[in-house]
Structures are given as C-alpha cells and as structure tokens.
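Colleague: Output the structure for:
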Amino acid sequence: MTVNVENAVPRVRAEAVRKDIPCNFCGSDNPRPFRPEYGRGLVQCQQCGLIYVSPRPADEELYALYGETYFKSGDSRTVGYTDYLSDERNIRRTFAERLKRVERYIAAPGRLLDVGCSMGFFMAEAEKHGWEVQGSDVSAFAVEHTRTRFGFDARHGSFLELDYPAGAYDLISMWDVIEHVPDPMEHLHKAAALLRPGGVLVLSTPNVESLPARLARGNWVGYKLSEEHVYYFSKRMLAKMLDRAGFDVLNARHIGKYVTVSLFLDRFGMYFPPVARLLQFFERRFGLSEWSLSINPFDIVCITARKR
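Modeller: You can find the predicted model right below:
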C-alpha cells in the first residue's frame, strides 16, 4: 500500500524510552550540556570532546525513523529529505564526481560495499565504473527500492549485525551515515575488518566545527531532529576515531553537491530570509526552480582513509 507522504514528517514515538549514553570514543559517562540554547539535546564529552545526543531512544526506535516518509518529508529542514527519489539526477551527478575523486586513492575498480546505500544511486554510478557492488541500509523501504530498481545485493539491517566476509572489500563508503548510527566507533572497526589491507574507506558527515556551523549557531542546517543525527563530528575527532580503528587519513576536505535552485533557496532562507524571499520571487518568475547548481557550503567534511 502506498502511503500519502505529501505532508508527513517522520518522528520517533513520543513514548519511546530515552537513556543516558556514555561517550562512544573514550567511554566517559560524565558529559556536559552542549549549546543547550539550541534545544537539540546535545552533550559534549568532557574528556575527549565528542558531541552527541543523550539521553536518546533505543537503537530500534532510531532505525524506525527511516521509513518511506523519511525520503519524502514534509519538513526536511528538521528531518529527512524533501523528495529523495525525485532528486535522483542531482544525487547521481554528485556521487559520480565524488567517486572519481575517491578512485585517485585506489586501483579501481574492485569490490565495493556501500553502507547506508539508500536508494542505490551511488552503487549505480559505481557499477558504471566497473565496480562489483553491494550495499546495506536500515531502511526496508530504501533496500526494497534498490533491489527492485537495480537488482543489487542490498541487505536490510544494521551494518553491525549483517554478515559480510572479512578482508573482502577494496572500498567501503559511508555517505552521510556515521552521524545517524548508535555506535560509530564499531562501524569504523567493522569497516576495517571487512577491507583488505590497503583498502579504502570514504565517509562524509556534517562538520560541527565548520565556519557555517559556528556562524549559524542553532539555525545551522546540519542540526537535525535529535533522533536523526545522534553524533556531531569535527575533522579532528574523526581523525582520532579513524586512527584508533586502524586507518590513515589520506584526504579531508569539505564537499558540496548538486541541488535544485528551489532547495538551495529554501536552505538559504534559514540564514537570510529577506534575501531568500527576494531571490525566490525571481526563481518563480523565470521558472528556475528545477535548475541545478553545484553548491559547497563548506560544512560537510569528506574523509578518505586507508586501512593500515
């Protein structure tokens, strides 16, 4: 049955039990509030500096968020995507460019595992480059779409609970994944176990220490519903975590993506409403809504790392 998602906004159940969480990096259980004025339920470890949501719901409650309405959300500023499937052209164009950069660090093609594969768009671009692709996602809706549309080996469930052969992969990707998962350190450890020696991990995530995050404060687009993004990373923290998991960082940079003019102006309006409203007038007047732009706001960090 198709769900009417026009105005739906995915939410964790109001009655979900929330528990205090220790630091995922150092294990300390004595955090301090982080920017409580933002109203995001964030804390910061006083020992290592990791920023995360605590208390938070159990893992199964977090994963329940990623149903059909997550990919067509009525309030994507807060949670999910405006319309992920309708934006396929821009998403695939973004992934094609990202893959070309990653391939500078690895003898391509080889065997690829895309963790958090969503609708399979990155795997589709990688297959065009000759990669043998597999994927996983906690969203049953996304996995079913990936299997039906592309016929890929996409598996539903938590990456940590799925069985993959050790040392079998040349490249593992985690695009906008690590901020969502309950145990990011274990995700990195498992990625290391599945990669062959010298294999490459590429991941992207919002950079909580970026200039846009500092300037926009509580209005930063990277701050999402507290059950969606449960960790917030800096480049320094990610480097520490990757080192502990057995990786050497090859490259760390801020990346952008292709978006429609309408989505760009919607997000721009979070920071400069009067200017955005003026630009939106011209967008509508000249029919520019679906035009594509390559935008890099310098607040999403992409790290490429090699297994030692």
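Colleague: CA atoms for contacts and neighbours, from now on please.
Modeller: Noted.
Colleague: Skipping its backbone neighbours, what lies nearest S139 in space?
Modeller: Distances taken as CA to CA, 6 or more residues apart in numbering place Y66 nearest to S139, at 5.2 Å, with adjacent residues excluded.
Colleague: Report the contact partners of that neighbour.
Modeller: P10, V138, S139 (CA atoms under 8 Å, 6 or more residues apart in numbering).
Colleague: could you dump those residues to a markdown table with neighbour count?
Modeller: Shown next, in a markdown table, are the contacts of Y66 (neighbours: other CA atoms under 10 Å):
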| residue | neighbour count |
| --- | --- |
| P10 | 25 |
| V138 | 24 |
| S139 | 25 |
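Colleague: Relative to G49, which of those is nearest.
Modeller: The nearest member of the contacts of Y66 to G49, counting by CA to CA, is V138 at 27.9 Å.
Colleague: Quick check: the gap between the closest one and A191.
Modeller: Going from V138 to A191 by CA to CA, to the nearest Å gives 16 Å.
Colleague: now V115
Modeller: On the measure of CA to CA, V115 and A191 end up 9 Å apart.
Colleague: Helices along the stretch 1-150 of the chain, start to end?
Modeller: 59-63, 88-102, 121-128, 140-150 (DSSP state H, counting those that start in this stretch).
Colleague: Equivalent analysis for the stretch 151-300 of the chain, please.
Modeller: Under DSSP H, counting those that start in this stretch, the stretch 151-300 of the chain gives helices at 184-194, 211-216, 235-245, 261-268, 273-285.
Colleague: So which of the ones you listed is the most surrounded?
Modeller: Per-stretch averages of neighbours, counted by mean count of other CA atoms under 10 Å, single out helix 184-194 among the helices of the stretch 151-300 of the chain, with a mean of 20.
Colleague: any idea how far that helix is from the chain center?
Modeller: Its chain's C-alpha centre and that of helix 184-194 lie 16 Å apart, by CA atoms, centre = their mean, to the nearest Å.
Colleague: Then stretch 255-262?
Modeller: 15 Å.
Colleague: How about stretch 30-39?
Modeller: The answer for stretch 30-39 is 22 Å, by CA atoms, centre = their mean.
Colleague: got the contact list for F34?
Modeller: Contacts of F34 (CA under 8 Å, 6+ apart): G41, L42, V43, Q44, I51.
Colleague: would you turn those into CSV with distance to F268?
Modeller: As requested, those are exported to CSV (distance: CA to CA, whole Å):
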residue, distance to F268
G41, 25
L42, 24
V43, 27
Q44, 28
I51, 25
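Colleague: Name the weakest-confidence residue in these, if you would.
Modeller: pLDDT across the contacts of F34 is lowest for G41, at 93.
Colleague: Need the phi and psi values for that residue.
Modeller: phi 70, psi 30 (degrees, to the nearest 10).
Colleague: Give me the neighbour count for F286.
Modeller: 9 (other CA atoms under 10 Å).
Colleague: Kindly report the same for V249.
Modeller: Around V249 there are 19 residues (other CA under 10 Å).
Colleague: Please look at it and A305 and confirm they touch.
Modeller: Yes - between V249 and A305 there is a contact under CA atoms under 8 Å: 4.2 Å.
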